[in-house]
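> need coordinates for the following:
(chains A and B)
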Amino acid sequence: MKIETGRGRAYKIASVIILVILAFLFTFPLYWIVTGAFKNGADINATKPIWVPSEWVMNNFDKLMKQRSVPLWEVYLPFGSFFNGGKKMLLTAGPEAPAAIRWLINAVLMCVLAMLFTCLTAAMAGYALAKKRFNGRAILFSLIVCAMALPKQVILIPLLKEMSALRLYDSLWAVIFPTVGWPFGVFLMKQFSESIPGEILEATRIDGASELKTFTTVVMPMIKPGIGALAIFTFINCWNDYFMQLVMLASGSNFTIPLGIATLQAETSVDNGLLMAGATLAAAPIIIVFLIFQKYFTQGITMGAVKG
Amino acid sequence: MAKQSHPTMSRALQRRENISGYLFLLPSLVFFIGFVVIPMLICIITSLTDANMHDQGMFGSFVGLSNFTKLMSDGTFLEALKNTFIIVIVSVPTVCAFSLWVSSAIYKLSGPVLSAFRCIFYLPVVTGSVAVTVVWKWMYDNYTGIFNHVLKGVGLIDQNINWLGDSKYALWCIILILFTTSVGQPIVLYVSALGNVDQTLIEAAEVDGANSFQVFWQVKWAQMMPTTLYILVITTINSFQCFALIQLLTKGGAGTNTVMYHIYWTAFKLTEQAGHFGYANAMGVVLAIFIGLLSALQFKLAKEK
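Model prediction:
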């Protein structure tokens, strides 16, 4: 062990102080959202900021719930309009409810579906790329890596035209499908699948297990941490992909909560209390998901970067 | 990688591997080709046409490279390009340096404290892009924002500043928000890279009389090069694509127009000739080329190191 010099010690103390200040600054926006949501009108519009609400009120949430009302849910058959003379095929619709609740449901539904599809397809593809010796594997893998380096948003405008040709425009599927197609998941799952010992796969094959059975009973459990990591990434990225939601979703009942809040911001004359209530609703699910999957999270981020 | 395939594998076995391999890939490929590769091709092809957003057909008529030549004399686009480059040039090195410093300050802390710090710096990402932007807009507000209040309180400014409306400050305000939402992932990456540095090399360097500064640059920094490269590439791509902040905060006003926002505006909001699909896609292609060139350059520099 080295002997601590005076200068080293001073540096250490200074860096701890700076870190604590930084931690405070990075937490502050979230603090400001949550306290803002419960402040009364006078506190919100005070020119001298009110650091702690003088009273905690639910006004802002009440206002948010009164914005407009739409059916609580509407489920359409994907591609249904091709069989229904151009009109969307409604499978089921719920009772009237505040739009904000619907937006919350839409966003969660969208991200969960994107997450499930991505995890399943990427786990299968990643396993194949890592363990199957099929022809064209190397080319396919480099294509996937190249696509990852491309700017995702550049393809959004062409994607919009494609989606309206497929009559998926203004539905959650228009956001879900491109999210599932993004190759990062395949890349990540390939990294995780590399670590499966070939002998185990060989042994299951000799035991006479089918390919599908091998995948579900042997491969899936072994890459579970990878799937957990991919699930959290997909959820966060899908939730935060504001541009895609903005381009693909048009009618108020199909909005997601982030898109809805952004629209409220543009429509209403500045009502920060209302916006903070919306922002609280928009932040809550993603923070909850983050906390649930947190243990997979670090491993996933780092696996994605190794051999990047 | 292809060399790994067994030379002894029989043809029947190879066929079986092909079939099962592609069957496993199929679901993923459908989405990848359908919603990534095809739009990419549409983007490239229509950039050579005068296609319009409101036309029924996908492709207008072929106009060669005229969209690209028009771009070179389009003042608004060039300004957007300049702003985008300012964002990239400022944010990429600062994000990289900041996250490196934070990581080296926290990676030796005990488990729970380390996790807490990592979570805190990742918080702006987890709060969600729209929620974060909305609250920053309020904080920057001319009258009720805390920035004016705090800065006046400590005596740095004596009059309220219209942060997002003044072209002297607006772009920097946006870079600051972008910065706070960009450092989370690099910090996680650097912390784990620092934890993986080969201890024997550090000890060997110390025995040879290297001071902690030399140990850092010549042992740790060298070993973390792949991580740094990855961070540079993802931060560059993200900074180039800065869109939500612009759309929600300034709508491209006050000298904050970026290429991505200009693409959106051209495709949807252009008043005359509404919906210039081909022209917008030409901008997209230019942006993709810049990102590709910069990524390639970063790879090359990292390899030489």
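> assign a three-state SS to residue 150, would you?
All of this is about chain A. coil (DSSP: H, G, I helix; E, B strand; the rest coil).
> surely it is in contact with B:A288?
Yes. A:L150 lies in contact with B:A288 (C-beta atoms under 8 Å); the separation is 5.8 Å. Every residue, glycine included, has its C-beta placed from N, CA and C.
> element containing A:I17, please.
Following DSSP states H and E, the helix or strand that holds A:I17 is helix A:6-37.
> let me fix that, I meant to ask about A:G260.
Element membership of A:G260 [criterion: DSSP H and E] is helix A:257-267.
> next, A:L91: phi, psi?
In terms of degrees, to the nearest 10, the main-chain angles of A:L91 are phi -90, psi -50.
> now it. Nearest residue, chain neighbours left out?
Nearest non-adjacent residue to A:L91, counting by C-beta to C-beta, 6 or more residues apart in numbering or on different chains: A:V75, 4.4 Å away.
> and that neighbour, how far is that from A:M89?
As judged by C-beta to C-beta, to the nearest Å, A:V75 and A:M89 stand 10 Å apart.
> and for B:W265?
Plainly put, B:W265 is 34 Å away from A:M89 if you go by C-beta to C-beta.
> who has more neighbours, the two?
B:W265 (19 against 14; other C-beta atoms under 10 Å in any protein chain shown).
> ok, A:R9 - how many residues close by?
A:R9 has 10 neighbouring residues, counting by other C-beta under 10 Å.
> typo on my end, it should be A:K88
If you count neighbours by other C-beta under 10 Å, A:K88 ends up with 16.
> check A:L212 too.
That count, for A:L212 with other C-beta under 10 Å as the rule, works out to 12.
> mind checking pLDDT for it?
For A:L212, the pLDDT comes out at 84.
> buried residues in stretch A:13-28?
Residues A:L19, A:L22, A:A23, A:F26 are the ones in stretch A:13-28 that count as buried (16 or more other C-beta atoms under 10 Å in any protein chain shown).
> for stretch A:200-212, same thing?
Applying a neighbour-count criterion of 16+ other C-beta under 10 Å, one finds A:L201, A:T204, A:A209, A:E211 buried in stretch A:200-212.
> low-confidence ranges, chain B, go.
Filtered on pLDDT under 70, chain B yields the residue ranges B:1-9, B:54-58, B:269-275, B:305.
> wait, what's in contact with A:G278?
Going by C-beta atoms under 8 Å, 6 or more residues apart in numbering or on different chains, A:G278 touches A:L64, A:A100, A:I257, A:G260, A:I261, A:L264, B:V134.
> tilt between the one helix or strand it maps to and helix A:257-267?
If you go by DSSP H and E, A:G278 is part of helix A:272-305. Per axes from the mean of the first three to the mean of the last three C-alpha atoms, to 10 degrees, the angle that helix A:272-305 makes with helix A:257-267 is 140 degrees.
> relative orientation of helix A:272-305 and helix A:6-37 in degrees?
130 degrees.
> distance from the chain centre to helix A:272-305, please.
8 Å (C-alpha atoms, centre = their mean, to the nearest Å).
> find the nearest non-adjacent residue to the closest residue to chain B within the stretch 1-150 of chain A, please.
Using C-beta to the nearest C-beta, the closest approach of the stretch 1-150 of chain A to chain B is made by A:F134 at 3.1 Å. Nearest residue to A:F134 in three dimensions, chain neighbours excluded: B:G21, at 3.1 Å (C-beta to C-beta, 6+ apart).
> contacting residues around the helix or strand that neighbour falls within?
Counting by DSSP H and E, the element that carries B:G21 is helix B:11-32. Helix B:11-32 is contacted by residues A:117, A:120-122, A:124-125, A:127-129, A:132-135, A:137, A:140, A:144, A:147, A:177-178, A:180-181, A:183, A:186, A:211, A:215, B:5, B:9 when judged by C-beta under 8 Å, 6+ apart.
> can you tell me if stretch B:67-85 touches chain A.
No. If you take C-beta under 8 Å from any C-beta of the partner chain as the test, stretch B:67-85 misses chain A, and the best it gets is 11.2 Å.
> possible to save the buried residues of stretch A:200-212 as JSON lines with distance to chain B?
Output for those, formatted as JSON lines (distance: C-beta to the nearest C-beta, whole Å):
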{"residue": "A:L201", "distance to chain B": "11"}
{"residue": "A:T204", "distance to chain B": "13"}
{"residue": "A:A209", "distance to chain B": "12"}
{"residue": "A:E211", "distance to chain B": "5"}
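> can you tell me which of those are in helices?
Counted as lying in helices by DSSP state H, out of these, are A:L201, A:T204, A:E211.
> now these as TSV including distance to B:V259?
Compiled in TSV, these are given as follows (distance: C-beta to C-beta, whole Å):
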residue	distance to B:V259
A:L201	47
A:T204	51
A:E211	46
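> between those, which is closest to B:W221?
Distances from B:W221 to these, taken as C-beta to C-beta, are shortest for A:L201 (39.1 Å).
> so that closest one sits against A:K131, correct?
Yes. The pair formed by A:L201 and A:K131 meets the contact definition of C-beta under 8 Å, at 6.3 Å.
> now do the shared contacts for the two.
Common neighbours of A:L201 and A:K131 (criterion: C-beta under 8 Å, 6+ apart): A:V219.
> so what's the residue nearest to A:I200 when sequence neighbours are not counted scoring on pLDDT?
Once flanking residues are discounted, A:I200 sits nearest to A:V218: 6.2 Å by C-beta to C-beta, 6+ apart. At A:V218, the predicted lDDT confidence score is 86.
> ok, A:V218 - how many residues close by?
A count of nearby residues for A:V218, using other C-beta under 10 Å, gives 17.
> isn't it up against A:L201?
Yes. If you go by C-beta under 8 Å, A:V218 and A:L201 touch, sitting 6.8 Å apart.
> from the buried residues of stretch A:200-212, which shows the smallest pLDDT?
Across the set of the buried residues of stretch A:200-212, A:A209 stands lowest in pLDDT, at 80.
> phi first, then psi, for that residue.
Backbone torsions for A:A209, taken as degrees, to the nearest 10, come to phi -70, psi 140.
> measure the nearest residue to it once chain neighbours are set aside to chain B for me?
The spatial neighbour of A:A209 that comes closest, neighbours along the chain excluded (C-beta to C-beta, 6+ apart), is A:T217 at 7.3 Å. Counting by C-beta to the nearest C-beta, to the nearest Å, the gap from A:T217 to chain B is 15 Å.
> and A:T217, helix, strand or coil?
Per three-state DSSP, A:T217 ends up helix.
> does it really touch A:S210, like I thought?
No. The criterion here is C-beta under 8 Å, and A:T217 misses it with A:S210 at 10.1 Å.
> neighbours of residue 12, how many?
As the question left the chain open, I've gone with chain A. For A:K12, the neighbour count with other C-beta under 10 Å is 12.
> oops, chain B please
8.
> also A:T214?
20.
> my read: it touches A:L201, true?
Yes. Using C-beta under 8 Å, A:T214 is in contact with A:L201, at 6.5 Å.
> quick one: the helix or strand hosting A:C111 to helix B:11-32, angle?
Using DSSP H and E, A:C111 sits within helix A:99-131. Angle, helix A:99-131 to helix B:11-32, by the same axes, to 10 degrees: 160 degrees.
> buried stuff in helix A:99-131?
Buried residues in helix A:99-131 (16+ other C-beta under 10 Å): A:99-108, A:110-115, A:117-131.
> do stretch B:87-102 as well
For stretch B:87-102, by 16+ other C-beta under 10 Å, it's B:I87, B:V88, B:V90, B:S91, B:V92, B:T94, B:V95, B:C96, B:F98, B:S99, B:L100, B:V102.
> for chain A, tell me which of the residues you listed show up nearby.
For chain A, the contacts drawn from the buried residues of stretch B:87-102 by C-beta under 8 Å from any C-beta are B:V102.
> closest one of the buried residues of stretch B:87-102 to chain A?
Distance to chain A, by C-beta to the nearest C-beta, is smallest for B:V102 among those, at 7.1 Å.
> who's in contact with residue 214?
Let's take chain A. A:L201, A:T204, A:R205.
> was after chain B, sorry
Taking C-beta under 8 Å, 6+ apart, one finds B:A205 in contact with B:Q214.
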